[in-house]
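K.L.:
next comes the sequence, and after it the predicted model I'd like to discuss.
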Amino acid sequence: MINRITDEMKRCVKNECFIAALALALTLPDTCGKAEYPQENSTKKRYIDWYDKYVGFYEKPPSVHSKDMPYSSGEVVYSLRNHMLHQGTPNIDSTKIADYRCKIDKFHLVIDVVYNGGISGVSYGMDMEIQERTLEINIVNLCSKIGAAAKSYYMNNPGKFSFIQYDLKDIRHAYDSLFSEDTHN
């Protein structure tokens, strides 16, 4: 199922169905989180922990000079997931984010080439107090990162996905002759 989702996500990006690609990408940490943390009952915790371990870790600015810089943490992406999949709006709720540096005041989604990861910024006022945090996430880049991490995780841990049991049959071709223009009665 992971391979099918990542393949369909890539087709969505190729066909410029960016919101559909984003929706698919945002489901992958749910599935991988269940595989990684099967005893954890909290979907939120599984999602955030898996994302932070396999994607977010690489997003966090390493420098001590960027300690205030927001980034696409597991909490941010989980908030985006909730808004996107449950409310149909690609947004985040900064009030539900515990990490102070990711309490974002302005959030933007952009569509750009895959290697542009987006922009984060902090505006300071008097006495170097933070006035505003901004985060921009590139949909194509986020889909690529989540897709690659999920696919790699799945390939390295196929036994952890035994909970995925489905039977998806493509029977469209079985009816082709019924609707063919060559059929005459």
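P.N.:
All right, it came through fine. Residues are numbered from 1 along each chain as shown.

K.L.:
can you name every helix or strand that the worst-scoring helix or strand of the chain on mean pLDDT contacts?
P.N.:
Lowest by mean pLDDT, DSSP states H and E among the helices and strands of the chain is strand 120-124, with a mean of 81. In terms of contacts (3 or more CB pairs under 8 Å, 6 or more residues apart in numbering; DSSP states H and E), strand 120-124 is packed against strand 130-138. (Glycine included, C-beta is placed from N, CA and C.)

K.L.:
list the buried ones in the strand it packs on?
P.N.:
Judged by neighbour count (16 or more other CB atoms under 10 Å), strand 130-138 contains these buried residues: Arg133, Leu135, Glu136, Ile137, Asn138.

K.L.:
just stretch 95-113 next, same as before
P.N.:
So, applying 16+ other CB under 10 Å, buried residues of stretch 95-113: Ile97, Arg101, Cys102, Lys103, Ile104, Phe107, Leu109.

K.L.:
what about it, average pLDDT?
P.N.:
Per-residue pLDDT over stretch 95-113 has a mean of 90.

K.L.:
ditto for stretch 173-182
P.N.:
65.

K.L.:
cool, and stretch 35-44?
P.N.:
96.

K.L.:
in it, what's buried?
P.N.:
Within stretch 35-44, judged by 16+ other CB under 10 Å, the buried ones are Ala35, Glu36, Tyr37, Lys44.

K.L.:
any buried residues in the one helix or strand Ala150 maps to, and which?
P.N.:
Using DSSP states H and E, the element containing Ala150 is helix 139-156. The neighbour-count check on helix 139-156 (16+ other CB under 10 Å) flags 139-147, 149-151, 153-154 as buried.

K.L.:
ok, back up a step: quick one: strands adjacent to the least confident helix or strand of the chain?
P.N.:
Sheet pairing of strand 120-124 (DSSP bridges) gives strand 130-138 (antiparallel).

K.L.:
what's the angle between the strand it pairs with and helix 139-156?
P.N.:
Compare the direction of strand 130-138 with that of helix 139-156 by axes from the mean of the first three to the mean of the last three CA atoms, to 10 degrees and you get 70 degrees.

K.L.:
how near is the residue nearest to the spatial centre of the chain to Val122?
P.N.:
By CA atoms, centre = their mean, the chain has its centre lying nearest to Leu26, at 3.4 Å. Using CB to CB, to the nearest Å, Leu26 is found at 26 Å from Val122.
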